[in-house]
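K.L.:
The sequence and its predicted three-dimensional model are supplied below.
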Amino acid sequence: MTDQELVERAFTMLERSYVPYSHFPVGATLEGADGVVYTGCNVENSAFGSTICAERTALVKAVSEGCRKFTRLAVVGNSTDYCWPCGACRQMLYEFAPDLEVLVARKDHQFVKFPLRALLPHGFAPESLD
Ligand code: THU
């Protein structure tokens, strides 16, 4: 799957987003090391803090299915700016995939690509507990 195809698959998830409060849908695709692609969307809640982001939805779906190694993530939104992953998502992803490549798209389907290590420098990792 090309980078653009991973991004386009993430765009298909926007319609699944549950966003009655922010009206800001986000879609994500997370590629496992075995090539399986896990999808996610943001799911909001009337207790706002209980909202889960699209990236973490994809991640917890993957981990709960037994996948713990990842190669690429795409995150997309309907925004003019690139849909940057929030800090909590960067941290959750870093736990499993510090070498992840992150594709970040905007509504015109243009995207940029960054290593997760660049988005979360000096990240806290399992080894940090040693
Ligand atoms: N959101 C994500 O899904 N991913 C991010 O990394 C940033 C924010 C969602 C959460 C909320 O539903 C909406 O975007 C507005 O913050």
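P.N.:
Noted; the coordinates are in hand.
K.L.:
hey, let's count contacts and neighbours off CA atoms from now on
P.N.:
Fine.
K.L.:
Spell out the secondary structure type for the spatially most central residue of the chain.
P.N.:
Closest residue to the average C-alpha location of the chain: Glu55 at 2.8 Å, with C-alpha atoms, centre = their mean. With DSSP: H, G, I helix; E, B strand; the rest coil as the basis, Glu55 sits in helix.
K.L.:
number of nearby residues for Ile52?
P.N.:
16 (other C-alpha atoms under 10 Å).
K.L.:
Next: the one 10 residues further on.
P.N.:
By other C-alpha under 10 Å, 22 other residues sit near Ala62.
K.L.:
With Arg117 instead?
P.N.:
Arg117 - counted by other C-alpha under 10 Å - has 17 other residues nearby.
K.L.:
And for Gly87?
P.N.:
With other C-alpha under 10 Å as criterion, Gly87 counts 11.
K.L.:
who in the protein is up against the ligand?
P.N.:
19, 22, 24, 26, 42, 44, 53-54, 84-86, 89 (C-alpha under 6 Å from any ligand atom).
K.L.:
go with 8 Å
P.N.:
Counting by C-alpha under 8 Å from any ligand atom, the chain comes close to the ligand at 18-19, 21-27, 41-44, 51-56, 75, 83-90.
K.L.:
Find the residue closest to the residue nearest to the centre of the chain in space, skipping its chain neighbours.
P.N.:
Nearest-residue entry for Glu55: Ala28, 5.4 Å, with adjacent residues in sequence omitted and distances by C-alpha to C-alpha, 6 or more residues apart in numbering.
K.L.:
List the beta-bridge partners for that neighbour.
P.N.:
Partner residues in beta bridges with Ala28, using DSSP bridges, are Gly40, Val75.
K.L.:
Would you mind confirming that it makes contact with Gly77?
P.N.:
No. Contact criterion C-alpha atoms under 8 Å: Ala28 and Gly77 do not qualify, at 9.0 Å.
K.L.:
hey, what's in contact with both of these two?
P.N.:
Residues touching both Ala28 and Gly77 (C-alpha atoms under 8 Å, 6 or more residues apart in numbering) are Phe11.
K.L.:
Which one's more surrounded, the two?
P.N.:
Ala28 (34 against 24).
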